[in-house]
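Visitor: okay, sequence plus prediction incoming.
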Protein chains: 2
Amino acid sequence: MDGAKAPGDIAALMNEIGRAAREAARVLAQADTARKNQALTAAAASLRAKAGAIKEANAIDMAAGRAKNLTPALLDRLALDDKRIEAMAKGLEDIAALADPVGQVMAAWTRPNGLKIERIRTPLGVVGIIYESRPNVTADAAALCLKAGNACILRGGSESFHSSRAIMECLHAGLRAAGIPEAALQMVPTSDRAAVGEMLTMTKYIDVIVPRGGQSLVDRVMRESRVPTFQHLTGLCHTYIHSAADPVKARQIVLNAKMRRTGICGATETLLVDEAVAAAQLPPILDDLIKAGCELRGDAAVQKLDARVKPATAEDWDTEYLDAILAVRIVKNLDDAIDHITTHGSSHTESIITEDNASAAHFMSALDSAIVMHNASTQFADGGEFGMGAEIGIATGKLHARGPVGVEQLTTFKYKVHGDGQIRP
Amino acid sequence: MDGAKAPGDIAALMNEIGRAAREAARVLAQADTARKNQALTAAAASLRAKAGAIKEANAIDMAAGRAKNLTPALLDRLALDDKRIEAMAKGLEDIAALADPVGQVMAAWTRPNGLKIERIRTPLGVVGIIYESRPNVTADAAALCLKAGNACILRGGSESFHSSRAIMECLHAGLRAAGIPEAALQMVPTSDRAAVGEMLTMTKYIDVIVPRGGQSLVDRVMRESRVPTFQHLTGLCHTYIHSAADPVKARQIVLNAKMRRTGICGATETLLVDEAVAAAQLPPILDDLIKAGCELRGDAAVQKLDARVKPATAEDWDTEYLDAILAVRIVKNLDDAIDHITTHGSSHTESIITEDNASAAHFMSALDSAIVMHNASTQFADGGEFGMGAEIGIATGKLHARGPVGVEQLTTFKYKVHGDGQIRP
């Protein structure tokens, strides 16, 4: 990685990366499906062929990470082995197998004056992705952008720099094999944070910024970015056990929604339970969770049901733990649950457990979240589980992309108007 | 209009407007189509009943405008008479007649595990609209937001304050008739520019800002806004006469594209002509334009064809005149035309005149503009002409809304996931 640079150098470097990306995006926007897929499958082959070099590069990052005392969780995200490299290669092939959204006719109609209007799906242009130190994101994000006909500029966490660079070399081999300019996929070659500042203001060269990562990154992007962004806020997801809940479904779903994987944004962080069924339904659920290693923080009524529940503070209702901790609150009824979620939620994913369809319909209509569920685990909030193929993340903003951000969400559209000499009266 | 206020007062005032709008938006999101239409038709009736009061309020604005020496064009935009008030009332009824986008099932599918997923159109929430001193926009913009189930906060130009307030009273009468909270449609009651600053940072209460107006407003919004915006840049539209153009179509279309109305964003500002047909096709076109009162600014080759053409400077290729002025340039060929438009255009609307379909297809594919046309006048760049009903403007950004912003573009969506106890493996 480059050392410190003068601010002017960073600006010049990023400007050149942006200019080249814009130029490459114009070429890529015209590339047909076969060519894009050729690049993806050739890149997959290169990842397999270069697995040794990738592991060597990863070893450098891992050694530096250990020296920096990264947490075991971070080191685990950073680590690459043959299995993970194969998963990346397979991921590229899966993206090649997805339908190409570019060129799809989204709508077509003819006006009384004979003008034929088509709404056609097109690439966004240049996508900037700022992400944590996860080397696999380098491959996934670049491949999704490529499939949607976008150039992309990747700025990953500095701890994964060598690994990402080795992966990027394989992606470039794929681009070369397909005759697509290498500038279509670029990695920012410096860890200088000023480079992020440049990305956030390069409105001429970057069409959208996708921030992936912790709250401080997302906050910085939302505060500083002049480039439009896909908002990806916290996933403070709720599961709500309604008074008409089936106890078996409730028990299975809550355990899965919290504990299947605690570190993903679709994991449930707060459990709400109707007071009418709390005494009957909650004790076995709390017991399941504690046996699975989950710490429980509840209001006074919940603590009465199980002495192992710690007291919840006001802060707990607003916290995305991403860990084996669950906040539990007893609510009066459906409207009370909706109020709690509206006040404390992050508009990501909420699920109601009930056998009463009218209550489910009201819950799903009244809540303004990207994903609302009925009798299902919030852990299904995932592009793959939705059948959309790979995803870059779950967007919680309301504009353009909402929910899983997959290939289709990385496109825009244009109107084509076909006339025969029409003039406007 | 309120006088100057202390900055803290403005912040408190705007915070209260935002809080009330958010609350009203939650009610409005659940309002059915009949109720929203009732509000619109009752508001139309009120506009007709209160025409006298609206004209009195407008007379105050007009007198102040004359005292401020507003240009005749600005005074004309500001003026209201019975005909314009009737047009506003009719506009509200037309919006009532549009299909309600809210609740539409955009897509639905079932996963192998039995989860049924629906993508449902929903309101955006709270829309902030910042616009010039055109009283009719108060009615149009508010009605479009209402139909899409959104609350809105309107900040019009100060010169139209009394007129807009009188119109807003009619809109509130409509809301009352339908039992919708008046806070669903609010007008910022102060001309203090700090109020705009508050709107641009009220991410908690405003979901999207729509800027309508001149370049300085749009620049300020793009620079300062922390709230997502619908970009509405200049309409630097091009008409391109290809070597295979039909001369009759070219002549009709160019005159219409430039001169039908020069002040709208879909008016052509630059004419490009292939050198192979310039000598044959251009002279009558230039003559038509000059006879219609258009000033022409051309490159040396164009000036040779008509001595009345003034020399174009480099700046002309980058200028949206919104006036009876046209820049004219002779280009080598299709790729040269595409390069010119890519370099100088604003991604709004471009039209190619040609009988060669392959060239038209290449032009329409290669250009990254919101609207691309073949053998049609760029003045068709309009929501009404597209069959979308009324519009707030033409978006030239790539995210969410692109092209005409009508009722549908003022919505977002959510995913509803219907399960029967599914947990994620």
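Guide: Thanks, I have the structure now.
Visitor: near chain B, which residues of the stretch 101-250 of chain A show up?
Guide: A:109, A:111, A:115, A:117, A:122, A:124-125, A:203, A:207-208, A:222-223, A:226, A:228, A:231, A:246, A:248-249 (CB under 8 Å from any CB of the partner chain). C-beta coordinates here come from the backbone N, C-alpha and C atoms, glycine included.
Visitor: and with 10 Å instead?
Guide: Contacts of the stretch 101-250 of chain A with chain B, taken as CB under 10 Å from any CB of the partner chain, map to A:103, A:109-120, A:122-125, A:203, A:207-208, A:222-226, A:228-231, A:246, A:248-250.
Visitor: please save the CA atoms from the strand ranked longest in chain A in CSV.
Guide: For chain A, the strand reaching the highest residue count under DSSP state E is reported as strand A:411-422. Taking Å, rounded to 0.1, in the frame of the first residue of the first chain, the C-alpha atoms of strand A:411-422 are listed here in CSV:
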residue,chain,number,x,y,z
THR,A,411,-29.4,-0.3,-12.9
THR,A,412,-31.4,2.8,-13.9
PHE,A,413,-33.5,3.3,-17.0
LYS,A,414,-34.0,5.7,-19.9
TYR,A,415,-37.0,6.5,-22.1
LYS,A,416,-36.7,5.8,-25.8
VAL,A,417,-39.3,7.7,-27.8
HIS,A,418,-39.8,6.5,-31.4
GLY,A,419,-41.5,9.0,-33.8
ASP,A,420,-42.1,9.6,-37.4
GLY,A,421,-41.8,13.4,-37.6
GLN,A,422,-44.1,14.3,-34.7
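Visitor: where in the stretch 51-200 of chain A is pLDDT low?
Guide: Nowhere does the stretch 51-200 of chain A drop to pLDDT under 70.
Visitor: returning to that earlier point: going through the residues of the stretch 101-250 of chain A next to chain B, which ones are buried?
Guide: Using 16 or more other CB atoms under 10 Å in any protein chain shown as the burial test, those include A:115, A:117-120, A:122-125, A:207-208, A:222, A:225, A:228-231, A:246, A:249-250 as buried.
Visitor: can you show me the helices along the stretch 301-425 of chain A?
Guide: Using DSSP state H, counting those that start in this stretch, the helices of the stretch 301-425 of chain A run over A:334-344, A:357-366.
Visitor: out of those helices, which gets nearest to chain B?
Guide: Chain B sits nearest to helix A:357-366 of all the helices of the stretch 301-425 of chain A, at 5.2 Å, using CB to the nearest CB.
Visitor: starting at the chain centroid, how far to the closest one?
Guide: Taking the mean of its C-alpha atoms, helix A:357-366 sits 27 Å from the chain's own mean (CA atoms, centre = their mean, to the nearest Å).
Visitor: what comes up buried for it?
Guide: A:359, A:360, A:362, A:363, A:364, A:365, A:366.
Visitor: run through the residues you listed and flag the ones next to chain B.
Guide: Okay, of the buried residues of helix A:357-366 touching chain B (CB under 10 Å from any CB), that's A:360, A:362, A:364, A:365, A:366.
Visitor: which residue ranges of the stretch 201-350 of chain A form strands?
Guide: With strands called from DSSP state E, counting those that start in this stretch, the stretch 201-350 of chain A shows them at A:208-211, A:237-241, A:268-274, A:295-298, A:310-311, A:325-331, A:349-353.
Visitor: which other helices and strands does the shortest one contact?
Guide: Right, strand A:310-311. Contacts defined by 3 or more CB pairs under 10 Å, 6 or more residues apart in numbering or on different chains; DSSP states H and E place strand A:310-311 against strand A:295-298, helix A:300-305.
Visitor: got the contact list for that strand?
Guide: With contact meaning CB atoms under 10 Å, 6 or more residues apart in numbering or on different chains, strand A:310-311 is reached by A:295, A:296, A:297, A:298, A:299, A:300, A:302, A:303, A:316, A:325.
Visitor: check contacts around the last one.
Guide: Residues in contact with residue A:325 (CB under 10 Å, 6+ apart) are A:258, A:262, A:269, A:289, A:294, A:295, A:296, A:297, A:310, A:316, A:319.
Visitor: before we move on, the earlier item: pull the most distant pair out of the contacts of strand A:310-311.
Guide: Farthest-apart pair in those is A:300 and A:325; separation 18.4 Å (CB to CB).
Visitor: how close does residue A:73 get to chain B?
Guide: 21 Å (CB to the nearest CB, to the nearest Å).
Visitor: thinking again about what came up before, and of the contacts of residue A:325, the nearest to chain B?
Guide: Out of the contacts of residue A:325, the member with the shortest distance to chain B (by CB to the nearest CB) is residue A:258, at 11.0 Å.
Visitor: what's the average pLDDT for stretch A:332-346?
Guide: Here stretch A:332-346 scores 97 as its mean pLDDT.
Visitor: buried residues, that stretch. List them.
Guide: A:334, A:336, A:337, A:338, A:340, A:341, A:342, A:344, A:345, A:346.
Visitor: in helices, which of the residues of the stretch 101-250 of chain A next to chain B fall?
Guide: Using DSSP state H, the members of those that fall in helices are A:222, A:223, A:224, A:248, A:249, A:250.
Visitor: farthest pair in these?
Guide: Maximum distance among these (CB to CB): 48.8 Å, for A:224 and A:248.
Visitor: and residue A:38, what does it touch?
Guide: By CB under 10 Å, 6+ apart, the residues touching residue A:38 are A:31, A:32, A:96, A:174, A:175, A:177, A:178, A:179, A:180.
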